[in-house]
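how would this look folded up:
(one chain, ligands or ions: 1)
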Amino acid sequence: MINYKYCPMCRSALVQGHSDGRDRFLCSSCGWINYLNPVPVVACIVKDEKGSLLLIERAVEPCKGHWALPGGFVELDETIEIAGARELEEETGLKGKAGTLVGVHLQESETYGYVMIVGMEFQVKDLKLSVGDDASDARFFPAEDMPEVPFKSHKKLIQDYLRTSSSP
Ligand SMILES: [Zn+2]
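Numbering: from 1, shown residues only. Now for the predicted structure:
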């Protein structure tokens, strides 16, 4: 969890205080409040014509060498849709168009406190994969033959998606 000791605006020591109904660290000198918010992350759900789901093998920590949904952190000026399309193309070479929201999950993170994982479906016309940034492999897996996906939030999104997409 991030706990600043000093005010990033004026360098005075932060003190424990209360604001907007929560205990927070505040600057005793300039009044800056250390709000803590989850960091938004997008996870892309892409299926091929047979209904198999796209996973990437992660080339970076955390969970390097394991399978996960394509995706990543949302940059300051991006929407979920734009960040997802960018990450999808960087990692798999696919150009996707954002579709429906699949689910939102919170996950505790050592570095960021909490990350908020937003799962969104992306429609892709040309399914020719070209593995890139942060990925060492990318493949479509049928629902009955999925590899182990260690990120709990991704696992949950895949289950949510398969449940809703298979129901009439
Ligand atoms: Zn200050």
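
list the buried ones in stretch 108-125?
Neighbour counts over stretch 108-125 (16 or more other CB atoms under 10 Å) mark 112, 115-122, 124 as buried. Every residue, glycine included, has its C-beta placed from N, CA and C.

excluding chain neighbours, what is closest to Leu94?
With sequence-adjacent residues excluded and distances taken as CB to CB, 6 or more residues apart in numbering, Leu94 is closest to Val124, at 4.7 Å.

which residues touch that neighbour?
For Val124, the contacting residues are 46, 88, 94-97, by CB atoms under 8 Å, 6 or more residues apart in numbering.

out of the buried residues of stretch 108-125, which touch the ion?
Near the ion, judged by CB under 5 Å from the ion, there are no entries from these.

of those, closest to the ion?
Lowest distance from the ion to the buried residues of stretch 108-125 (CB to the ion) belongs to Tyr112, with 22.7 Å.

how close does that closest one get to Arg139?
Tyr112 sits at a distance of 29 Å from Arg139 (criterion: CB to CB, to the nearest Å).

do the same with Ile80
According to CB to CB, Ile80 stands 24 Å off from Arg139.

with neighbour numbers in mind, choose between these two.
Between Ile80 and Arg139, counting by other CB atoms under 10 Å, Ile80 is the more crowded of the two (20 against 16).

the more buried one against Gly119, yeah?
No: with contact defined as CB atoms under 8 Å, Ile80 does not count as touching Gly119 (9.5 Å).

so for these two, which residues contact both of them?
Jointly contacting Ile80 and Gly119 under the rule CB under 8 Å, 6+ apart are Val42.

now do the contacts for Glu108.
If a contact means CB under 8 Å, 6+ apart, then Glu108 has Tyr114 as its contacts.

walk me through the domains of this structure.
Domain ranges of the chain: 1-36, 39-166, per automatic domain parsing.
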